[in-house]
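Engineer: Compute the structure for the input listed below.
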Amino acid sequence: MTALAVLLFLFTYSVDVAVDAGRLMLPGWAITGQADATRAVLIGIAAAVITVAGVVFSITILALQLASQQFGPRMLRNFIRDLGTQVSLGAFVATFVYSILTLGSVAHGRSGDFVPHVSVTVALVLTLGDLGILIYFIHHVATSIQVTTVVAGIARDFRSTFAQVLEEAGGTPPRPLDEELERRELALRLETGGELVPARTSGFLQSVGHAELVRIATASDAVIRLLHRAGHFVVEGQPLALVWPSSAVAGVAEALDRAHIVGSNRTLNQDPGFAVDQLVEVAIRALSPAVNDTFTAMNCIDWLGDCLCRAARRPLPSGLYRDADGVVRLIDPTITFKRLVQKASDKIRQAGRGMPAVLIRQLENLEKVTVALADPDQRGVIDDEAAMILRSSEEAIPEPSDRADVLAAYGSLRAALELGPTPTR
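Structural biologist: Numbers count the residues shown, from 1 in each chain. Modelled structure (predicted):
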């Protein structure tokens, strides 16, 4: 936005030069005035805008501090990359830069003073626009730090990341038996005859260039098996991938390192499990004795149920990537539905041990996921999680009536598991 402000100044300055030379007529909407008055106006605009920018920066830092305390340090990236905050800060800084450049263009000359009337008018218009942006920013910050907004935003991140993962996998093909057998056969071949390629950098695996790896493997007539997926932490010198045959390692190792992006932070790119972990983190912080906010935890459980329902409706990628001839060239460890359910349930169940409201809400959400299941074979995953929740209630809830409520929710879930998914029309 600052760069755009510089380009805008160059344009308006060229118009002012043309007006001063008599090649153009001064627009009727332009504000006229003497050089001294123009300088005073521009100095006032620049001083006011940079002061407001400082206040906005202070409010942003305060919001980040509150978010870190209430939602956890991993939520800070969500606030930092917030588009509304970025636009607000950019608008104030850009207006300041534009005003300073315009102030510098006011000059005394032998033939008289040069006053950039068009540029000054545009600076005033930008200032009025900044007033509207300031009002928007105050409302935006007050809304964005609300826990319901944060939780719903994380769920939206899951949806977008999940859609990206499905798209990069080339659709959502089912996993037939012959494909699973092919996967096991290739994995065995790689383990017995393949060669390990070590990681060259330590950090979180943020992104994997699957298409690039398929192209590399095809050119080398090799098969690559990745040992880590996006979101895993890799250690320098430890195995990153297996390459078969061993003779292809020399041509693949360098390109394999370039196809992986490793950084110090875990990101949502290609990692829908990270969004689930963020929701779980907010929930278990809310269930801690220091906070004791049961309703926030149940809100997180509701949105976790929405995430699991979306994952249950469509088969997850198989992790097999083929070349143009249909030959498997890349095996990628993908997140499974079972792992997503465990991520979304286990830690909250452990943190909410002895809290009937939390356990009941978990069972209710598992029932919603059961209804959304596209693969009936996945009912066992739901049944196992529900059984653990029931055992937790029997061991940690002393009140019989509370245990009865949990048992009633469990019975409703069991009925849904026996009926199976609702048929689509």
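Engineer: Distance-wise, check D332 relative to L304.
Structural biologist: 25 Å (C-beta to C-beta, to the nearest Å). No exception for glycine: its C-beta is placed from N, CA and C like everyone else's.
Engineer: Which one of these two is surrounded by more residues?
Structural biologist: L304 (29 against 23; other C-beta atoms under 10 Å).
Engineer: that's a strand at the more buried one, yeah?
Structural biologist: No - assessed with DSSP: H, G, I helix; E, B strand; the rest coil, L304 is helix; it does not lie in a strand.
Engineer: which residues touch it?
Structural biologist: V276, L279, V280, A283, A344, I348, N365 (C-beta atoms under 8 Å, 6 or more residues apart in numbering).
Engineer: same for whichever strand or helix holds the third one, what does it pack against?
Structural biologist: Taking DSSP states H and E as the definition, V280 sits inside helix 272-287. Identification of packing neighbours for helix 272-287 by 3 or more C-beta pairs under 8 Å, 6 or more residues apart in numbering; DSSP states H and E yields helix 35-71, helix 147-168, helix 294-313, helix 337-351.
Engineer: any chance of these in TSV, with distance to P245 too?
Structural biologist: Below are the helices and strands packed on helix 272-287 laid out as TSV (distance: least, C-beta to C-beta, whole Å):
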stretch	distance to P245
helix 35-71	49
helix 147-168	27
helix 294-313	36
helix 337-351	31
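Engineer: mind putting the ones you listed in JSON lines, distance to G263 and mean pLDDT included?
Structural biologist: Formatted as JSON lines, the helices and strands packed on helix 272-287 follow (distance: least, C-beta to C-beta, whole Å; pLDDT from 0 to 100):
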{"stretch": "helix 35-71", "distance to G263": "20", "mean pLDDT": "85"}
{"stretch": "helix 147-168", "distance to G263": "16", "mean pLDDT": "88"}
{"stretch": "helix 294-313", "distance to G263": "24", "mean pLDDT": "92"}
{"stretch": "helix 337-351", "distance to G263": "21", "mean pLDDT": "92"}
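Engineer: Kindly compare burial across these and name the winner.
Structural biologist: helix 294-313 (a mean of 21; mean count of other C-beta atoms under 10 Å).
Engineer: Pull the contacting residues for the closest residue to K347 other than its chain neighbours.
Structural biologist: Using C-beta to C-beta, 6 or more residues apart in numbering and skipping the chain neighbours, the partner closest in space to K347 is V280 (5.2 Å). Contacts for V280 (C-beta under 8 Å, 6+ apart) come out as C300, L304, K343, A344, K347, I348.
Engineer: closest one to V249 among the helices and strands packed on helix 272-287?
Structural biologist: Closest approach to V249 among these (C-beta to C-beta): helix 147-168, 25.4 Å.
Engineer: the inter-axis angle of the closest one versus helix 337-351?
Structural biologist: 160 degrees (axes from the mean of the first three to the mean of the last three C-alpha atoms, to 10 degrees).
Engineer: Touching helix 147-168 from outside, list them.
Structural biologist: 67, 70-71, 75, 78, 143-144, 172, 210, 268-272, 274-276, 278-279, 282, 296, 299-300, 303, 306-307, 310-311, 314, 317.
Engineer: What are the phi and psi values at R353?
Structural biologist: phi -60, psi 130 (degrees, to the nearest 10).
Engineer: Local confidence estimate at the nearest residue to it once chain neighbours are set aside?
Structural biologist: In space, and not counting its chain neighbours, R353 is closest to A396: 4.7 Å by C-beta to C-beta, 6+ apart. The confidence metric pLDDT takes the value 90 at A396.
Engineer: mind checking how far the helix or strand hosting T127 is from the chain centre?
Structural biologist: Assigned by DSSP H and E, T127 belongs to helix 117-144. Relative to its chain's centre, helix 117-144 lies at 28 Å (C-alpha atoms, centre = their mean, to the nearest Å).
Engineer: can you pull the buried residues of that helix?
Structural biologist: 117-123, 126-127, 130, 133-134, 137, 140-141, 144 (16 or more other C-beta atoms under 10 Å).
Engineer: among these, which two are most distant?
Structural biologist: Longest span within the buried residues of helix 117-144, C-beta to C-beta: H117 and S144, 39.7 Å.
Engineer: thinking again about what came up before, quick one: which of the buried residues of helix 117-144 is nearest A217?
Structural biologist: Nearest to A217 among the buried residues of helix 117-144, with distances taken as C-beta to C-beta, is S144, at 43.8 Å.
Engineer: Got the phi and psi for the residue nearest to the closest one when sequence neighbours are not counted?
Structural biologist: Nearest non-adjacent residue to S144, counting by C-beta to C-beta, 6+ apart: D82, 6.5 Å away. The phi/psi pair for D82 (degrees, to the nearest 10) reads phi -70, psi 120.
Engineer: My guess is D82 contacts T143. True?
Structural biologist: No - using C-beta atoms under 8 Å, D82 is not in contact with T143; the gap is 10.9 Å.
Engineer: picking that back up, mind putting the contacts of L304 into CSV with distance to M355?
Structural biologist: Shown next, in CSV, are those (distance: C-beta to C-beta, whole Å):
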residue, distance to M355
V276, 21
L279, 17
V280, 15
A283, 11
A344, 17
I348, 10
N365, 15
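Engineer: Which residue ranges make up the domains of this structure?
Structural biologist: Following automatic domain parsing, the chain resolves into domains at 2-145, 170-336, 353-425.
Engineer: sorry, back to before: looking at the helix holding T127 now, give me its mean pLDDT.
Structural biologist: Helix 117-144 comes out at a mean pLDDT of 90.
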